[in-house]
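**Student:** build me a structure from this.
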Amino acid sequence: MSPRGAGPADAYIRYYEALSPATLADLENVVTPDVRFRDPFNEVRGVEAYRRLLAKMFEAVPDVRFSVSHQAVDGDTCFLRWRCAGTLKALGGKPWLVEGMSELRFGPDGRVREHIDHWDAAQQFYEHLPVIGGLLRFIRRRLSAH
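**Tutor:** Below you'll find the model as predicted:
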């Protein structure tokens, strides 16, 4: 893990850990105009599309908070280990926790030009939904080596 303040991702990490609807106006300070963002549900290009996606996230999870526990940097690429927690409206206001990894690529000016999130949407989201969640848990148990 790189100490904070020592790597190219630090401004982005600080931004994400303080992310709120009020900070969305500052997104272009940490990403390039043509930024690409991808997660298990979305893929967008451009700072405005990314900003709209984050605004929509706040509609679904108003109290969302991110915390980064680890980072590894190799040239213009950084990998982050993170945790996202909040209250998901789609789950009836139940607490929601996602743990995942992000792959960041930086432009020449140090801003993020690509952000790709990796996390298990089946286990950390779909399995919490009525009906489909039970089916997915059943399938997971059947495929488990234990």
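**Student:** pLDDT below threshold where in this structure?
**Tutor:** 1-7, 91, 120-144, 146 (pLDDT under 70).
**Student:** quick check: which element contains residue 66?
**Tutor:** Using DSSP states H and E, residue 66 sits within strand 65-74.
**Student:** which strands or helices does that strand pack on?
**Tutor:** helix 10-17, strand 77-88 (3 or more Cβ pairs under 8 Å, 6 or more residues apart in numbering; DSSP states H and E). The C-beta positions use only the backbone N, C-alpha and C, and glycine is treated the same way.
**Student:** all helices of this protein, in order?
**Tutor:** 10-17, 47-60, 121-124, 132-143 (DSSP state H).
**Student:** can you give me the distance of the residue positioned nearest the centre of the chain to residue 64?
**Tutor:** The residue lying closest to the centre of the chain (Cα atoms, centre = their mean) is residue 117, at 5.6 Å. Per Cβ to Cβ, to the nearest Å, residue 117 is found 13 Å from residue 64.
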